[in-house]
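S.K.: Sharing a sequence plus its predicted fold:
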Amino acid sequence: MQFKLPYSHGYMAVDIPDANLAGILESKAHQYIPGKDQQAIVNEALDGPIGAPGLEELARGKKNIVLITSDHTRPVPSRVTLPILLERLRRGNPDADITILISTAFHRPTTREEMIFKFGPDIVEKEKIINHDCRDNRSLEFMGVLPSGAELWLNRLALEADLLIAEGFIEPHFFAGYSGGRKSILPGIAGEKTVLTNHCSKFIASQYCRTGVLQDNPMHEDMQEAMNRSGLRFILNVVINSAKEVIHAFAGHPHKAHAEGCRFVESLARVEPIPADIVVTTNGGYPLDQNIYQSVKGMTAAEATAKEDAVIIIASACNDGHGGESFYNTFTGAENARQVMDMIMATPMEETIPDQWESQILARVLMKHKVIMVTDQCDPALITGMKMLHAATFDEALNTALRIKGKDARITVIPDGVAVVVK
């Protein structure tokens, strides 16, 4: 059977022997037909906000408006959404001073070139755009202590706004349950200390910090409280398909609109596991497969359906390298994944180090399974240094996996590993 796996800006064509194929796990979002164009979907959501006044009404009389948007690592279709949001805000208040704040969280700043690709040249040329910097203490303000005991530091620019709104997208998330909503605030515009504590080993190890789980998720609970204290008034969160096109949108009250959006995503993304000896997955192509760090997400979908001691094959370009110096060094400085995990679990919440959460999840996967990363755009030494196997082509990876698990091994394919909730 032939598959087109999302890879970088295109696809990787692969063949799976029919005799080995156990099944396919795929979100129904990729076949969902909305019946409207993207602009119409967004406008319809904004015309009927959930539990909140409309944007135009909220903007009236507000002098200083801050609009939080996602950074270069997230496939939010801002070329579609931002012009609509800006037009509606100015329709409500033509004189408002609007700042677009990029919620970089713990990532590097978004470059001008990446802004142009994501927002379009007109917005980059005409609008005031600022990258959040979680390490710039001068730009942060202390907002008290979260339920977990963590200190909450948030971007002062957002806190001083007369109106704070955010755009984003909702997809399954491998430890926050779902993306979108409160994640625009924490980790989006939070300080380094807050992000690190929120991503501590105790939380990541929780059985509730898993894909598609919000109830009793301690990380989600801290994020919700951070959002409450930020004063976020309104969100626009979209749902996208494999082509990164809007298929649905939810707008309005940050809690209510996000909750409704999560229910819709689960109705499309939830799939039953098909246990297999070999699981093929991806990180959904660009922008999420830019580096090894982000690619851990796609591995967790495979982990949820893999048999004991399975082989996971992930096609991910990783053209931007490892994606985190600390993430990389944690693995290269250890003998094996078990040593990485032991070190992380001995680290107290307040001493969480950068990228520890990604290291913890990758170590969890590697302690149970072999991982083969398929890419022709990344230095193989980076991959093997992080205790994984490298293959330049999918056929090479599949042949290696079949040698390990046997020629009759059963194979489950997850064409888009970040789009499914395996339960």
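M.R.: Thanks, I have it.
S.K.: Please enumerate the strands of the stretch 1-150 of the chain.
M.R.: For the stretch 1-150 of the chain, the strands defined by DSSP state E, counting those that start in this stretch cover 2-7, 10-15, 21-24, 64-70, 97-103, 128-131, 140-145.
S.K.: can you check the stretch 251-400 of the chain too?
M.R.: 270-271, 276-282, 306-315, 370-374, 389-391.
S.K.: Could you list the paired strands of the fourth one along with their orientation?
M.R.: Meaning strand 370-374. Sheet pairing of strand 370-374 (DSSP bridges) gives strand 306-315 (parallel), strand 389-391 (parallel).
S.K.: how much does it deviate in direction from strand 2-7?
M.R.: Relative orientation of strand 370-374 versus strand 2-7 (axes from the mean of the first three to the mean of the last three Cα atoms, to 10 degrees): 80 degrees.
S.K.: what's strand 370-374 in contact with?
M.R.: Strand 370-374 has contacts (Cβ atoms under 8 Å, 6 or more residues apart in numbering) with 12, 292, 295, 299, 309-316, 318, 365, 383, 388-394, 396-397, 400-401, 404. C-betas here are computed from N, CA, C, even on glycine.
S.K.: quick one, that strand and strand 276-282 angle?
M.R.: Here strand 370-374 runs at an angle of 30 degrees relative to strand 276-282 (the same axes, to 10 degrees).
S.K.: what's the angle between strand 370-374 and strand 10-15?
M.R.: Using the same axes, to 10 degrees: strand 370-374 against strand 10-15 is 120 degrees.
S.K.: Now do strand 370-374: distance to the chain's middle.
M.R.: Mean-position distance between strand 370-374 and its chain equals 21 Å (Cα atoms, centre = their mean, to the nearest Å).
S.K.: gap between residue 407 and residue 277?
M.R.: Using Cβ to Cβ, to the nearest Å, residue 407 is found at 11 Å from residue 277.
S.K.: I should have written residue 76 there, sorry.
M.R.: 36 Å.
S.K.: What of residue 364?
M.R.: 19 Å.
S.K.: With residue 65 instead?
M.R.: 54 Å.
S.K.: re earlier: quick one: which of the strands of the stretch 1-150 of the chain is nearest residue 237?
M.R.: strand 64-70 (10.5 Å; Cβ to Cβ).
S.K.: Go through that closest one and flag the buried ones.
M.R.: 65-70 (16 or more other Cβ atoms under 10 Å).
S.K.: Residue 385: neighbouring residues, count only.
M.R.: By other Cβ atoms under 10 Å, 16 other residues sit near residue 385.
S.K.: before we move on, what about the one 10 residues further on?
M.R.: Burial of residue 395 is recorded as 12 neighbouring residues (other Cβ under 10 Å).
S.K.: Now for it: which residues touch it?
M.R.: Contacts of residue 395 by Cβ under 8 Å, 6+ apart are 14-15.
S.K.: Model confidence score at it, please.
M.R.: Residue 395 carries a pLDDT value of 98.
S.K.: which residue sits closest to residue 281, ignoring its sequence neighbours?
M.R.: Distances taken as Cβ to Cβ, 6 or more residues apart in numbering put residue 417 closest to residue 281, at 3.7 Å, once the chain neighbours are dropped.
S.K.: That neighbour contacts residue 294, correct?
M.R.: No. Here residue 417 lies out of contact with residue 294, judged by Cβ atoms under 8 Å, at a distance of 11.0 Å.
S.K.: more crowded one of the two?
M.R.: residue 417 (33 against 23).
S.K.: Quick one: residues contacting that one.
M.R.: 281-284, 297-302, 314.
S.K.: Which residues does the helix or strand encompassing residue 195 contact?
M.R.: Per DSSP states H and E, residue 195 falls inside helix 192-198. Residues from elsewhere that reach helix 192-198 (Cβ under 8 Å, 6+ apart): 105-106, 134-135, 146, 148, 150-154, 186-187, 190, 219, 222-223, 226, 349-350, 352-354, 356.
S.K.: Give me the next element, helix or strand, following it.
M.R.: Once the chain leaves helix 192-198, the next helix or strand it forms, by DSSP H and E, is helix 201-205.
S.K.: C-alpha coordinates for the helix or strand that that next one is followed by, PDB please?
M.R.: Counting by DSSP H and E, the next helix or strand C-terminal to helix 201-205 is helix 218-230. The C-alpha atoms that make up helix 218-230 are tabulated as PDB, following Å, rounded to 0.1, in the frame of the first residue of the first chain:
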ATOM      1  CA  PRO A 218      -1.700  19.400  36.500                       C
ATOM      2  CA  MET A 219       0.100  21.300  33.700                       C
ATOM      3  CA  HIS A 220      -3.300  22.300  32.200                       C
ATOM      4  CA  GLU A 221      -4.500  23.500  35.600                       C
ATOM      5  CA  ASP A 222      -1.500  25.800  36.100                       C
ATOM      6  CA  MET A 223      -2.000  27.100  32.500                       C
ATOM      7  CA  GLN A 224      -5.600  27.800  33.100                       C
ATOM      8  CA  GLU A 225      -4.800  29.800  36.200                       C
ATOM      9  CA  ALA A 226      -2.100  31.800  34.400                       C
ATOM     10  CA  MET A 227      -4.600  32.700  31.700                       C
ATOM     11  CA  ASN A 228      -7.100  33.900  34.300                       C
ATOM     12  CA  ARG A 229      -4.500  36.200  35.800                       C
ATOM     13  CA  SER A 230      -3.300  37.500  32.500                       C
END
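S.K.: so what does helix 218-230 touch, helix or strand wise?
M.R.: strand 140-145, strand 151-155, helix 192-198, helix 201-205, helix 254-269 (3 or more Cβ pairs under 8 Å, 6 or more residues apart in numbering; DSSP states H and E).
S.K.: dump the residue contacts of residue 78.
M.R.: Per Cβ under 8 Å, 6+ apart, neighbours of residue 78: 69-70, 118-120, 123, 167.
S.K.: list residues touching both of residue 417 and residue 294?
M.R.: With Cβ under 8 Å, 6+ apart, residue 417 and residue 294 have common neighbours residue 283.
S.K.: picking up where we left off before, closest one of the contacts of residue 417 to residue 89?
M.R.: So of the contacts of residue 417, ranked by how close each gets to residue 89 (Cβ to Cβ), first place is residue 284, at 30.5 Å.
S.K.: Look up phi and psi at that closest one.
M.R.: Here is the backbone geometry of residue 284 (degrees, to the nearest 10): phi 80, psi 10.
S.K.: wait, what's in contact with it?
M.R.: 6, 75, 242, 298, 416-419.
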